[in-house]
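Colleague: Here you go, sequence then predicted model.
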There are 2 protein chains.
Amino acid sequence: MHKQYLLTPGPTPLPPQVQEALGRPIIHHRTAEYRALFKRVQQGLQTVVQTTQPVVVFTSSGTGAMEASVCNLLSPGETAVVILGGKFAERWKDLCAAYEVKVIPISVSYGEAVDPQQVREALKAHPEASAVFSTLCETSTGVVHDMQTIGSIVRETNAVLVVDAISGLLADECRTEAWGIDALVSGSQKGLMLPPGLAFLSLSPKAWKRAEAAKSPRYYFDMRAYKKALVDDDTPYTSSVSLVVALDAALQAILAEGVEAFLKRSALLANATRAGIQAMGLKLFAKRPSNGVTAVRAPEGVDTKKLVKQIQDRYQVTLAGGQGEMAGKVFRIAHMGYIGAFDLLVALASVELSLIELGASVTPGQGLKAFQGLIGAR
Amino acid sequence: MHKQYLLTPGPTPLPPQVQEALGRPIIHHRTAEYRALFKRVQQGLQTVVQTTQPVVVFTSSGTGAMEASVCNLLSPGETAVVILGGKFAERWKDLCAAYEVKVIPISVSYGEAVDPQQVREALKAHPEASAVFSTLCETSTGVVHDMQTIGSIVRETNAVLVVDAISGLLADECRTEAWGIDALVSGSQKGLMLPPGLAFLSLSPKAWKRAEAAKSPRYYFDMRAYKKALVDDDTPYTSSVSLVVALDAALQAILAEGVEAFLKRSALLANATRAGIQAMGLKLFAKRPSNGVTAVRAPEGVDTKKLVKQIQDRYQVTLAGGQGEMAGKVFRIAHMGYIGAFDLLVALASVELSLIELGASVTPGQGLKAFQGLIGAR
């Protein structure tokens, strides 16, 4: 009976119109009604992804669209530069290994953003590289990479730039076409305010050329089949009808606000959250922080696993702990999608109270005051 | 404002408790609450699939789990026997081709079931075959194959038997473990009464040995990762939370009725539908008809595309037409999942009325009378 607050970087809370759309009676997917809806969804996705190219909708987790980028764009034995620095960046390395793609890693310390010049140097040292893989926002560290500069470097080469924007889309700026991103991967359960279960992949003409020629085995994730079906506003395999109907509702809400306004709101909330955290005397983990998620270093002597559990058990506020190497060392607060300013106020209050309960030295109200001061400017 | 009736072989209508579960606020997937739910779902799926082995849940269309069967069980250059006879059987052939698996096809005329002796002969002639691929119910023709006999033949060999039961599960009898089915594929939008978006794959110990050793590239569909995560009642990639919560609701309803009773009901409805269709003077397309879907031959001079459209436009009853080669020649009525006897009565009435409107010679009420006579025995 206690009121629940979900502030994790995926899944994010569902707006009421999305919940309503999910619970509707099912409709058949090979009908004029569904095709019209799918066409509208396609146009909305293009606006959100900031591209004029098709945005393919997969029924899968985000990882499925990441795999699609590897198997559609590369053949066994080819070489790819992979920008590391977190759990999700490492998934690119694992995916390349699964498809026998040679990896040129660019090491990045956890919490830091890649220096774009390292990408330039890696491509100069490896002119045979066919692709550069990166995350936009590395969800595990809260870092956003400078994709605009990286895009300007990669576009001068034969390589394609593949970007995991699963948590970054609709939180951090991402001008896919303008910045020269050749493959943009995203998912439904972050800025798009839907349950998990849909993934998206949009390719540039440069990337489509690779998709027509790549030799890696693929079927369910074969982009050529999706492109062909899109001509009739259709999918090659049964569409995840309820999630797509809900996506339509979410896109209508996003387009009504406008992508620029939506991003501005994320930036404001991220900024206020960072101010609140720092006013509590805590330190940000990311050197170049994302507007989608704030990763916070544990205060001296506090295990963030315990902290996150305390916040959950005592205040029913769900935050995220650290993943992999960062377990116990950081906790993360999301400010994307349907998470509003007063949800974040609640989250900061629960952090303050729980830290005090765990014996950390925090002056009550400092975080809330700093946060409130900035959201007033909205 | 017109009342809609959906009687297609996927998606099938959603029961109210499934609609309600879909529209609930989202919960996080890495929590004790979700793990407990996922564990319960796992047990329910094992009961439905009739196996003691794990049932892996993919976020994908059924085709994803079909691909998983190919890439987890076979290596490039291996040989597989593929039982043909419909659109979905042909997908096995295409999937094998995508993974460089040599195909020994067993041709089956559309509308006929395979003679299990042909499988015995194919395996004798090709002792190197590593797998036999079949459908349980071929959704496009309404045929159910004799999987029990085929299972008894394949289990004497080194090959694994892989069965697409996407539309057959919970409609036709399918004793996965008892019959020696080594890989059972299914999907959410048929007998399980959910929206599309989840797919299932369960492997026998014989198949798991192949999954540990197969050399085909795979990542998102790699069964080893799902097996490892299942130890903690978890999934390796973000779970399709809302659909899994709805699956829990659907499984509770199915288990409350009991799998045997559920199948008996499908059999009764299928039998009554076939009687109704024949009493109208129409002919069944399938020689060995499935209890999930009835395919009906077009009466002389009637194009089933026109008939299905007439039934939709005039009576808001959604039936399925023919797929591929059978377009225009057959129409299909589903009796699976949440489709009840009186939904089928409505469907038969709409068929009768529309046939008369299209000028076919049908005596009004004959189909309804025959149908009603049989469902009274329920």
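Modeller: All right, it came through fine. Numbers count the residues shown, from 1 in each chain, chains lettered A, B, ... in the order given.
Colleague: Which residue is the nearest non-sequential neighbour of whichever residue of chain A sits closest to chain B?
Modeller: Going by CB to the nearest CB, chain B is nearest to A:G23 of chain A, at 2.8 Å. For the C-beta atoms, the positions are set from N, CA and C on the backbone; glycine is no exception. Spatially, and ignoring its direct neighbours in sequence, A:G23 is nearest to B:G23 (2.8 Å; CB to CB, 6 or more residues apart in numbering or on different chains).
Colleague: Enumerate every residue touching the one you found.
Modeller: If a contact means CB atoms under 8 Å, 6 or more residues apart in numbering or on different chains, then B:G23 has A:19-20, A:22-23 as its contacts.
Colleague: which among those end up buried?
Modeller: With neighbours counted by 16 or more other CB atoms under 10 Å in any protein chain shown, the contacts of B:G23 contain buried members at A:19, A:22-23.
Colleague: Switch those residues over to TSV; also include pLDDT and secondary structure.
Modeller: Output for these, formatted as TSV (pLDDT from 0 to 100; DSSP: H, G, I helix; E, B strand; the rest coil):
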residue	pLDDT	secondary structure
A:Q19	98	helix
A:L22	98	helix
A:G23	97	coil
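Colleague: got the residue ranges for the helices in the stretch 251-378 of chain A?
Modeller: Residue ranges of the helices in the stretch 251-378 of chain A, as given by DSSP state H, counting those that start in this stretch, are A:259-279, A:304-315, A:341-357, A:366-375.
Colleague: tell me the SS of the residue nearest in space to the middle of chain A?
Modeller: By CA atoms, centre = their mean, chain A has its centre lying nearest to A:S167, at 1.3 Å. Classification of A:S167 using DSSP: H, G, I helix; E, B strand; the rest coil returns coil.
Colleague: Look up phi and psi at the nearest residue to A:S242 once chain neighbours are set aside.
Modeller: Nearest residue to A:S242, sequence neighbours excluded (CB to CB, 6+ apart): B:P195, at 3.8 Å. Taking degrees, to the nearest 10, you get phi -70, psi 160 for the backbone angles of B:P195.
Colleague: likewise the one 5 residues further on?
Modeller: As for B:F200, its main-chain torsions (degrees, to the nearest 10) stand at phi -130, psi 140.
Colleague: one step back: so the residue nearest to the centre of chain A touches A:T8, yeah?
Modeller: No - checked against CB atoms under 8 Å, the pair A:S167 and A:T8 is beyond contact range at 10.4 Å.
Colleague: what pLDDT does A:A377 get?
Modeller: On the pLDDT scale, A:A377 is placed at 53.
Colleague: Can you name the residues that contact A:H29?
Modeller: A:235, A:238-239, A:241, B:11, B:196.
Colleague: what about 10 Å?
Modeller: By CB atoms under 10 Å, 6 or more residues apart in numbering or on different chains, the contact set of A:H29 is A:35, A:37-38, A:234-235, A:237-241, A:244, B:8, B:10-11, B:189, B:195-196.
Colleague: mind checking the SS state of it?
Modeller: Using three-state DSSP, the structure places A:H29 in coil.
Colleague: that older thread, need the contact list for the residue nearest to A:S242.
Modeller: When contacts are counted by CB under 10 Å, 6+ apart, B:P195 is found next to A:22, A:24, A:26-27, A:29, A:197, A:238-245, B:11-12, B:14, B:18-19, B:22, B:188-189, B:240, B:242-243, B:246.
Colleague: A:P105 reaches A:A97, doesn't it?
Modeller: No - proximity of A:P105 to A:A97 does not meet the contact threshold set by CB atoms under 10 Å, at 11.3 Å.
Colleague: what about chain A, any weak spots by pLDDT?
Modeller: Along chain A, segments meeting pLDDT under 70 span A:377-378.
Colleague: Strands along that one, start to end?
Modeller: A:5-6, A:55-59, A:79-83, A:102-106, A:131-135, A:137-138, A:143-144, A:160-164, A:183-187, A:198-203, A:293-297, A:317-318, A:330-334 (DSSP state E).
Colleague: Give me the sheet partners of the second one and which way each runs.
Modeller: Right, strand A:55-59. Here strand A:55-59 is paired, per DSSP bridges, with strand A:198-203 (antiparallel).
Colleague: sorry, back to before: I'd like the helices of the stretch 251-378 of chain A as JSON lines, with mean neighbour count and distance to chain B appended.
Modeller: Shown next, in JSON lines, are those (neighbours: other CB atoms under 10 Å in any protein chain shown; distance: least, CB to the nearest CB, whole Å):
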{"stretch": "helix A:259-279", "mean neighbour count": "20", "distance to chain B": "19"}
{"stretch": "helix A:304-315", "mean neighbour count": "18", "distance to chain B": "8"}
{"stretch": "helix A:341-357", "mean neighbour count": "20", "distance to chain B": "13"}
{"stretch": "helix A:366-375", "mean neighbour count": "18", "distance to chain B": "23"}
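Colleague: between those helices, which one is nearest to A:A213?
Modeller: helix A:259-279 (32.9 Å; CB to CB).
Colleague: Mind giving me the packing neighbours of the closest one?
Modeller: helix A:32-49, helix A:241-257, strand A:293-297, strand A:330-334, helix A:341-357, helix A:366-375 (3 or more CB pairs under 10 Å, 6 or more residues apart in numbering or on different chains; DSSP states H and E).
Colleague: Turn the ones you listed into TSV, columns for distance to B:M326.
Modeller: Below are the helices and strands packed on helix A:259-279 laid out as TSV (distance: least, CB to CB, whole Å):
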stretch	distance to B:M326
helix A:32-49	21
helix A:241-257	24
strand A:293-297	51
strand A:330-334	49
helix A:341-357	53
helix A:366-375	61
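Colleague: now for the ones you listed, which one comes closest to B:Q312?
Modeller: helix A:32-49 (9.8 Å).
Colleague: Show me how chain A divides into domains.
Modeller: Domain segmentation of chain A under automatic domain parsing yields A:5-10+A:258-375, A:16-257.
Colleague: most packed of these?
Modeller: Highest mean neighbour count of these: domain A:16-257, a mean of 22 (counted as mean count of other CB atoms under 10 Å in any protein chain shown).
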